[in-house]
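Participant: Output the structure for:
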Amino acid sequence: MEKKKHLSLRLDDETRLKLRYIAKYEGRSINGQVMHLIYGCIRDYEEKNGKIDISEAQKS
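Facilitator: Below you'll find the model as predicted:
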């Protein structure tokens, strides 16, 4: 089982409320919506630049 790490994120109230609205509209929790956006960002990056080498990413 993959161990998950905690990530704290600070949002202003307007952004948080808008994100919650979108998440609810799409049937996701706020966390689920953020993960959906992150996965999309990674997918888009890798489509343009090639697969990210995790061993290189861990050095940063």
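
Participant: Checking residue 48 next. Helix, strand or coil?
Facilitator: Put simply, residue 48 is helix when judged by DSSP: H, G, I helix; E, B strand; the rest coil.

Participant: List the buried residues of stretch 25-34.
Facilitator: For stretch 25-34, a neighbour-count test (16 or more other CB atoms under 10 Å) marks 33, 34 as buried. All C-beta atoms are positioned from the backbone trio N, CA, C, and that covers glycine.

Participant: An error on my part: the question was meant for stretch 11-19.
Facilitator: residue 19.

Participant: What lies in contact with it?
Facilitator: Surrounding stretch 11-19, the residues in contact under the criterion CB atoms under 8 Å, 6 or more residues apart in numbering are 30, 33, 34.

Participant: Make TSV out of those and add pLDDT and distance to residue 7.
Facilitator: Listed next are these as TSV, based on pLDDT from 0 to 100; distance: CB to CB, whole Å:
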residue	pLDDT	distance to residue 7
30	97	13
33	98	14
34	97	9
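
Participant: which residue sits closest to residue 23, ignoring its sequence neighbours?
Facilitator: Closest residue to residue 23 apart from its sequence neighbours, by CB to CB, 6 or more residues apart in numbering: residue 33 at 3.7 Å.

Participant: Test my guess that that neighbour contacts residue 21.
Facilitator: No. Residue 33 lies out of contact with residue 21 (CB atoms under 8 Å); the separation is 9.9 Å.

Participant: ok, back up a step: which element, helix or strand, includes the residue nearest to residue 23?
Facilitator: Using DSSP states H and E, residue 33 maps to helix 30-49.
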